[in-house]
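Colleague: 3D, please:
(one chain, ligands or ions: 2)
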Amino acid sequence: MSKKRLLTGLQASGTLHIGNYFGALKPFVEMYEEYDSHLMVADYHAVTSVRDPKVLRQNTIDVVKDYIAVGVDPEKVIMFKQSDILEHTELGWILDCLVTVPFLQQAHAYKDKVAKGLEANAGLFTYPMLMAADILLYDTEVVPVGEDQRQHIEYAREAVTKFNNAYGETFIEPKEHILKGTGVVPGIDGQKMSKSYKNTIPLFGTPEEIQKAVMSIVTGTGGEIPEVLHNIHEIVRGAVTNNFTETNSPQKFYDLYTENKSNYKALKEALIEDIEKLIAPMREKRASISDDDVRAVLKAGAEKARERAAKKMEDVRTKVGVTI
Ligand code: ADP
Ligand code: TRP
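Modeller: Ligands and ions are numbered 1, 2, ... in the order given. Okay, here's the model as predicted:
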């Protein structure tokens, strides 16, 4: 039996942090080999917010390096960038013609971004239909994403219904796979760790940057267990020890915090040590990947993706009536 198709994408929007790692990257690494997997860098989606070509190029290269460094084997996945496959924007246009303005106006991601002050450009508005095209072109069944993307997958299903009703059975309905991973990793201030809150521990930071971030984690005034520090550390320790061991259970780990509850410095140093253990091998792997390696991976990925997308679009064009 052939494997189910899986596809996910990420916008190249900045430096990844350990929240992204535990919430999205690590769960992807753990599941992708069970599927016929596609991993896409959504560079055209990033054009909705990035206007500096140098930054866009660098972000694209960095995302690919990050994925390979954390354990995605480019041989076992079709890794490509969106802009290399022209069929994405082509199908995006057709889907735009099938949904209404009031429907797109209800998208939470669009409303949130505009509320945060992002420019309400037309690309940001039609973003969900380009994303639907990304998914539908490959007959994707499973889309691993964070909770914030749930509605976008509903929108992709709506696009399937609209297209199939208008032109006949063509696309299949994708289903979101919401990565529970490690839930929400707290940031150094105790809120959700997020690029936009400036409260991150960078995934591929230098030891100095990591030390600086960890030393800034909020603690109490003394005497009580430093909860934020403990919660971040428990996630990292779990990964370092491969989901804990009998002799090093979450309970024993908590005891360590009870015993040292006033010695924040020692606890923070222990966390820095654990982060180093986790990241050092990945950092080394990342340093061995050149920009040209990334270009080669994306070129090979584009060839495979293009073949699939081209075949699907041939059918779509005929059904829509643009072939004569
Ligand atoms: P950010 O909030 O840093 O901009 P994104 O929105 O780009 O992150 O999210 C990229 C992926 O990382 C998504 O799948 C999201 O669910 C996951 N993610 C982001 N922050 C966290 C966090 N603090 N804990 C767990 N997962 C997270
Ligand atoms: N919108 C997604 C995000 O911001 C990125 C994305 C673009 C995507 N195309 C996709 C995710 C297709 C899954 C499938 O995180």
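Colleague: use CA for all of it now, contacts and neighbours both
Modeller: Will do.
Colleague: now the stretch 201-324 of the chain, which segments are flagged as low pLDDT?
Modeller: 246-247 (pLDDT under 70).
Colleague: helices of that one, start to end?
Modeller: 207-215, 227-240, 250-259, 264-287, 291-320 (DSSP state H, counting those that start in this stretch).
Colleague: regarding T89, what is its secondary structure?
Modeller: What DSSP: H, G, I helix; E, B strand; the rest coil gives for T89 is helix.
Colleague: what's the burial count for the closest residue to it other than its chain neighbours?
Modeller: When the adjacent residues along the chain are set aside, T89 lies closest to L130, with 6.5 Å between them (CA to CA, 6 or more residues apart in numbering). By other CA atoms under 10 Å, the residues close to L130 number 26.
Colleague: what sits against whichever residue of the stretch 51-200 of the chain sits closest to ligand 2?
Modeller: Going by CA to the nearest ligand atom, ligand 2 is nearest to M131 of the stretch 51-200 of the chain, at 4.2 Å. Contacts for M131 (CA atoms under 8 Å, 6 or more residues apart in numbering) come out as G92, H152, A156.
Colleague: okay, the helices of the stretch 201-324 of the chain in TSV with distance to H177 and mean neighbour count next?
Modeller: Below are these laid out as TSV (distance: least, CA to CA, whole Å; neighbours: other CA atoms under 10 Å):
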stretch	distance to H177	mean neighbour count
helix 207-215	31	16
helix 227-240	21	19
helix 250-259	27	14
helix 264-287	26	17
helix 291-320	22	16
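Colleague: out of these, which comes closest to L124?
Modeller: helix 291-320 (23.4 Å; CA to CA).
Colleague: what about the closest one, near ligand 2?
Modeller: No - residues of helix 291-320 contacting ligand 2 under CA under 6 Å from any ligand atom: none, with a closest distance of 13.7 Å.
Colleague: that older thread, so the residue of the stretch 51-200 of the chain closest to ligand 2 sits in a helix?
Modeller: Yes - per three-state DSSP, M131 lies within a helix segment.
Colleague: narrow the contacts of M131 to those in helices?
Modeller: G92, H152, A156 (DSSP state H).
Colleague: the first one and I135 touch, don't they?
Modeller: Read it as G92. No - applying CA atoms under 8 Å as the test, G92 and I135 come out as separate, 10.5 Å apart.
Colleague: out of those two, which sits in the busier spot?
Modeller: Remark: of G92 and I135, I135 carries more neighbours, 28 against 20, as counted by other CA under 10 Å.
Colleague: list the residues that contact the more buried one.
Modeller: For I135, counting by CA under 8 Å, 6+ apart, the contacting residues are L7, T8, V143, A156, P174.
Colleague: returning to that earlier point: closest one to ligand 1 among the helices of the stretch 201-324 of the chain?
Modeller: helix 227-240 (10.1 Å).
Colleague: just the CA atoms of that closest one, as PDB, please.
Modeller: Only the C-alpha atoms of helix 227-240 are listed here, as PDB (Å, rounded to 0.1, in the frame of the first residue of the first chain):
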ATOM      1  CA  GLU A 227       8.100  27.500  37.900                       C
ATOM      2  CA  VAL A 228       9.100  29.000  34.500                       C
ATOM      3  CA  LEU A 229      12.600  27.800  34.900                       C
ATOM      4  CA  HIS A 230      11.400  24.300  36.000                       C
ATOM      5  CA  ASN A 231       8.900  24.100  33.100                       C
ATOM      6  CA  ILE A 232      11.400  25.000  30.400                       C
ATOM      7  CA  HIS A 233      14.000  22.700  32.000                       C
ATOM      8  CA  GLU A 234      11.700  19.800  32.300                       C
ATOM      9  CA  ILE A 235      11.000  19.900  28.500                       C
ATOM     10  CA  VAL A 236      14.700  20.100  27.700                       C
ATOM     11  CA  ARG A 237      15.700  17.400  30.200                       C
ATOM     12  CA  GLY A 238      13.000  15.100  28.800                       C
ATOM     13  CA  ALA A 239      14.600  15.500  25.400                       C
ATOM     14  CA  VAL A 240      18.100  15.100  26.600                       C
END
